[in-house]
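In: one predicted model, sequence on top.
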Amino acid sequence: MSRSVVLVDAVRTPFGKAGSMYAGTRADDLMVRAIRGLLERNPKLDPKAIDDVAIAAATQSGDQGMNIGRSVALLAGLPNSVPGYSIDRWCAGAMTAVTTISGAIALGAYDIAIAGGVEHMGNHPMGEGMDPNPRYLAEKIVDQDALAMGATAERLHDRFPQLTKERADRYAMNSQLKTAKAYADGKIQRDLIPTAARSAELGWGVATADESPRPTTTMEGLAGLKTPFRPAGRVTPGNSSGLNDGATAAILADEDKAKELGLTIKARLVTFAFAGVEPEVMGYGPVPSTIKALAKAGLTIADIGAFEINEAFAVQVIAFLDHFGIADDDARVNPYGGAIAVGHPLASSGVRLMLNLARTFEERPEVRYGITTMCIGLGMGGTVIWENPHFVGGSK
Amino acid sequence: MTTVKIEMPEGAPEEVVTNALVRDVDLGSFGHKGTLALITLDNGLDHTRPNTFGPQSLMALDAAITEALSRKPAAIAITGKPFIFAAGADLSALSFITKREQSLAIGKIGHDVFRRLNECGTPTFAFINGLALGGGLEVGLHCNYRTLATTAFTGLPEVFLGLVPGWGGATILPKLIGPERAVQVIMLNALNNNTMMKSKDALALGVVDAVYEPSDFLERSISFAASVLNGSKKIERTDYSNDPGWEKAIATGRAAALKKYGGAEIASPTRALELIAAAQKCTLGQGFDAEDQVLADLTMSDPLRASLYAFNLIQKKRKKVEGAPKPALARKVTRVGVVGAGLMASQLALLLLRNLKCPVVMTDIDQERAEKGVAWVKAEIAKLVEKKRMHPEAAARLVGLISGSADQSVFAGCDFVIEAIFEELSLKQDLFKKLEAIVSPECVIATNTSSLSVEAMSQGMSNPERVIGFHFFNPVAVMPLLEVARTSATDDVTTATAVAIGKELKKTMVITKDAPGFVVNRLLTRFMGEITDAMDEGTAPDIADGAMRSIGFPMSPFELLGLVGPGVALHVSETLNKNLGPRYRISPSMQRMVKEGVRTFYIKNDDGTFAPNPAALALVEKGEKASTAEQVRLRALTAIAEEARMMLDEGVVSTPAEIDLCMLMGAGWPMHLGGILPYLDREGISDSVCGQRFHAPGVASLL
């Protein structure tokens, strides 16, 4: 890599349940709020210096359309000279925005840019306007299951019988408990941008916390939930992420530029990789992408001291952990909980993983490397390896 | 909680209730422990129907304040619905109030509810996210602190409407920002055609404490509130009670009101100044009580009822043109012509160019004159760019669309041609026949004549149905009225096209029959004729000219004469004399002034005041029969009443309201007269002259 790419800062709006606290709020307004909140807390960054704005959304129409990257740049009041573009890799949209921007910075084309993502699943239900080519099924390119994410999660249980429903539920409960503790310790709130949200019935309010967490989750409660994706299945609303509305935004920069401007440096990009798997088991994607990324970085899984893995489904997380021989309750994994608790507004989640990892880096200077990874619909995984700029030496 | 019980007056339209919704906001994320009780004002409709305060809305706010306080918040804040904070009192019921007590109660309930925001013991904030006018801004003034969105307009238009900012504004504002600035907001802005404050003005004047961009206005406002609450931000207030500027400020306000109403003392500005002056020493409570009394006095007065009538009329007719054919009939206009390149024609060309943004061609008798007109238009555009009122690119676009020629063949392809040549019927008749040979049979041919017969102009044409009168008022860019005169032949497509153009030009239109002088010039000329006639009979010019002073016209008859020019005035009166009869007098004094080239009765002194012009006085006819000012006044008003009734009988326009609209928008006659007919009604002149009123009691007057 010709130049070192760093994460300067990252923020997000509180995540709402789809069509709930943000029912009267536009997706682009959520994204604008994230960007303005990000710039407000980085006053040393002159907006004129932003080389590009890459914004992801899984559904790019309506309030997530009109080239949302450029559109939110204008709506956020960035100078006209700042360009913008849209990114789509479904759930890994914001992650891809970060990697694409990072590529441009590494090349030297950009010095500093914004990457982020938004999904208003209340305004854009999953599968909205989707028109799968009939060849998919006619020519058996994929199974029917490949197109329903819950079904792909069931397929992971099928493939790895050791990943029991009980393990998935326990993982899910722990995610809720870790999030509850992180909230109690004020750790999540640090990177939330309070976001005004109006309801015609209730008037204006301000979202200051995620809407989805269920801190009182119990194993008994989880055991009783229905399995909507197949009869006698294992995937339930309790061990999956929900349907959510939210936005995330990050500043990425060439390390020298960041230092010159006196910006914070929260994480240093090592490398990244995306990889494909059979679409029917898309949740397995993070395994090959992580193997690929580690190989490129010349690291092994043992070098990784912190993991932020997106919890689209609990089974997909434990499939990953199982592969690498990591315990389901390993303290290095998602210390603040994950998407099962706070929610997963599809294309926005990638940056949420990064802002959590950046906090872990701050808190644990003995950790040198961390990864953010997530599974992606139609059978993919994405992994980004980061180095802790606060690393002071030590084992990992 | 307020204890006043209010009932809507009989006949009043049902109130559109502005709800007040309360929600808690955790201030923890903003740097202060505790919650903010956030009240949203929202009438449930979109921004085209702003929040207003009628009795039920006030009760809703009262209940919301009570609810908010019960939650023991760290602070209470009020904000609006998207784009709108609140546009003030619901005026729709005021016209139906029959008893002074009802009016007093409306003032009192407003105070009772709003003052809680200052007296409740909990810090209060107004987050003015959008338009805040009158009572809308006053709610905010009762709060302890105010933030404002950069794009929001604010103002206190009450004095413009014939009221006073009587829900606290007239008392709080002078105490908050000092007398000079309060007079600016309450008096000067309101009297200056109801100018609203931009956010930077409101901030500079101290009306608000902070301004934030709309994209995260609420979040930043809450952050501001948290900073005030936790002490990290201090807002200093000045005590103006010993400020030396009170007298001067009041004098400035008084002078502005006198100037606006041609020297007449009009109730609403006078009473507003009383309240502002009292604010130096009085307590808030005393001020509010005084406001209640003034509001009741004004509400129970004919001038206010006439003002409300006029205001509603202007609002309504701006959008809907009485008697206009279906808009869908209008033809597309993509090229327009202006015949003539004199000052009037050039003004028309500029107006058409700026608003239609299509090719505009001007012609005159030679290339030099045509080019002079084009040059004038281009120079005006350049001025706009210089004043930053037009973007250079927009100017470049317009400059590329204007051209001039001595050859009328350039009108080929025009969809609309308007003439503004010399006011001579035969010239115009010739012109129209020539134009017919050049333009398509569908091209609308319009005349800006002020007094000639449009019908006569179109005689002998093959397609007289496309001829229409399109009468503007000088200065064309400023005066909002456009009289659209149909001849007996003018068809609906032509009228619809003309009205569509008028809308593009942002004019208020009245469709009139093709009758001499249409409405405004006919009434004004008749009125002026009585004044000059009285003078010619032997009344001293200053007595004659001052006879109407108390009514509140923006300028005296002779000041108006100076503006129009005796030449034009004489020409119009001669035409009307010929066409309407000898009641339109031809003044020998005026004839002499035109002959001698004396343009005005007044000359401007070096200090800006006016003195009688001896050259004019020397030319005045010296009759034997002097009248008193009151006699002149009565005589002039009688003439107006008589002429207005004749116009209605002749069907020049179909309703008295259109006559009022014409005088409001075309002559600048004041709202407290309701245009003019409500005034004639309430003075008993309509009854005595015409044997009937123009408006039923209650329409533009007390019942």
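Out: On my side now, so go ahead.
In: what number of residues lie near residue B:369?
Out: Neighbours of residue B:369 under the rule other C-beta atoms under 10 Å in any protein chain shown: 18. All C-beta spots, glycine's among them, are computed from the backbone N, C-alpha and C.
In: ok, now residue A:86?
Out: 23.
In: secondary structure element for it?
Out: For residue A:86, the element it lies in under DSSP states H and E is strand A:85-87.
In: quick check: closest non-adjacent residue to the residue of chain A found nearest chain B.
Out: Residue nearest to chain B within chain A (C-beta to the nearest C-beta): residue A:203, separated by 2.8 Å. Of all residues not flanking residue A:203 in the chain, residue B:40 sits nearest, at 2.8 Å (C-beta to C-beta, 6 or more residues apart in numbering or on different chains).
In: quick one: contacts for that neighbour?
Out: Residue B:40 sits next to A:198, A:202, A:203, A:204, B:20, B:21, B:23, B:78, B:79, B:80, B:81 when contact means C-beta atoms under 8 Å, 6 or more residues apart in numbering or on different chains.
In: re earlier: for the residue of chain A closest to chain B, list each beta-bridge partner.
Out: residue A:199 (DSSP bridges).
In: ok, which stretches of the stretch 201-350 of chain A are helices?
Out: A:219-223, A:255-261, A:286-297, A:314-323, A:339-342, A:349-363 (DSSP state H, counting those that start in this stretch).
In: can you list these in TSV and add mean neighbour count and mean pLDDT?
Out: Formatted as TSV, those follow (neighbours: other C-beta atoms under 10 Å in any protein chain shown; pLDDT from 0 to 100):
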stretch	mean neighbour count	mean pLDDT
helix A:219-223	14	97
helix A:255-261	16	98
helix A:286-297	21	98
helix A:314-323	25	98
helix A:339-342	31	98
helix A:349-363	26	98
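In: number of residues surrounding residue 266?
Out: All of this refers to chain A. When counting by other C-beta under 10 Å, one arrives at 24 neighbours for residue A:266.
In: please refer instead to chain B.
Out: Residue B:266 has 21 nearby residues by other C-beta under 10 Å.
In: repeat for residue A:369
Out: Counted with other C-beta under 10 Å, residues neighbouring residue A:369 total 20.
In: got a pLDDT number for it?
Out: On the pLDDT scale, residue A:369 is placed at 98.
In: contacts only, for it.
Out: A:270, A:297, A:299, A:303, A:304, A:305, A:306, A:385, A:386, A:387, A:388, A:396.
In: can you flag the buried ones in those?
Out: A:270, A:297, A:299, A:303, A:304, A:305, A:306, A:385, A:386, A:387, A:388, A:396 (16 or more other C-beta atoms under 10 Å in any protein chain shown).
In: can I get the residues you listed in TSV including distance to chain B?
Out: Below are the buried ones among the contacts of residue A:369 laid out as TSV (distance: C-beta to the nearest C-beta, whole Å):
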residue	distance to chain B
A:270	33
A:297	37
A:299	38
A:303	37
A:304	32
A:305	30
A:306	26
A:385	32
A:386	27
A:387	31
A:388	27
A:396	34
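In: among the residues you listed, which are located in strands?
Out: Secondary structure assignment by DSSP state E places A:270, A:304, A:305, A:306, A:385, A:386, A:387 of those in strands.
In: hang on, residue B:211 is in a strand, isn't it?
Out: Yes - Residue B:211 forms part of a strand when assessed by DSSP: H, G, I helix; E, B strand; the rest coil.
In: any idea how far it is from chain A?
Out: To chain A, residue B:211 is 14 Å away according to C-beta to the nearest C-beta, to the nearest Å.
In: number of nearby residues for that residue?
Out: By other C-beta under 10 Å, 22 other residues sit near residue B:211.
In: cool, the one 5 residues further on as well?
Out: Other residues within reach of residue B:216 by the criterion other C-beta under 10 Å amount to 23.
In: that one and residue A:33 touch, don't they?
Out: Yes - if you go by C-beta atoms under 8 Å, residue B:216 and residue A:33 touch, sitting 6.1 Å apart.
In: list residues touching both of those two?
Out: Joint contacts of residue B:216 and residue A:33 (C-beta under 8 Å, 6+ apart) are residue A:196.
In: hmm, back to that, show me the contacts for the residue of chain A closest to chain B.
Out: By C-beta under 8 Å, 6+ apart, residue A:203 lies in contact with B:21, B:22, B:23, B:38, B:39, B:40, B:42.
In: flag every residue of the stretch 151-300 of chain A that's near chain B.
Out: Counting by C-beta under 8 Å from any C-beta of the partner chain, the positions of the stretch 151-300 of chain A adjacent to chain B are A:189, A:192-196, A:198, A:200-206, A:208.
In: just the terminal-to-terminal distance for stretch B:350-366.
Out: The straight-line separation of the ends of stretch B:350-366 (C-alpha to C-alpha, to the nearest Å) is 20 Å.
In: who does residue B:417 bridge with?
Out: Note on residue B:417: beta-bridge partners by DSSP bridges are residue B:337, residue B:445.
In: show me where the stretch 101-250 of chain A dips below the pLDDT cut-off.
Out: For the stretch 101-250 of chain A, not a single residue meets the criterion pLDDT under 70.
In: show me where it has its strands.
Out: Along the stretch 101-250 of chain A, counting by DSSP state E, counting those that start in this stretch, strands occupy A:112-120, A:195-199, A:203-207, A:244-254.
In: what about residue B:638, how many residues nearby?
Out: 17.
In: would you turn the strands of the stretch 101-250 of chain A into JSON lines with distance to residue A:74?
Out: Below are the strands of the stretch 101-250 of chain A laid out as JSON lines (distance: least, C-beta to C-beta, whole Å):
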{"stretch": "strand A:112-120", "distance to residue A:74": "13"}
{"stretch": "strand A:195-199", "distance to residue A:74": "19"}
{"stretch": "strand A:203-207", "distance to residue A:74": "24"}
{"stretch": "strand A:244-254", "distance to residue A:74": "15"}
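In: dihedrals phi and psi, residue A:56?
Out: phi -100, psi 150 (degrees, to the nearest 10).
In: any idea how far residue B:512 is from residue B:650?
Out: Counting by C-beta to C-beta, to the nearest Å, the separation of residue B:650 from residue B:512 is 10 Å.
In: look at those two and report which has more neighbours.
Out: Between residue B:650 and residue B:512, residue B:512 has the larger neighbour count (other C-beta under 10 Å), namely 26 against 11.
In: enumerate every residue touching residue A:216.
Out: Residues in contact with residue A:216 (C-beta under 8 Å, 6+ apart): none are found.
In: next: residue B:498.
Out: B:416, B:444, B:446, B:468, B:470, B:484 are the contacts of residue B:498 under C-beta under 8 Å, 6+ apart.
In: that older thread, quick check: bridge partners of the residue nearest to residue A:203?
Out: residue B:21, residue B:79.
In: end-to-end on stretch B:333-344?
Out: With C-alpha to C-alpha as the measure, stretch B:333-344 spans 21 Å from end to end.
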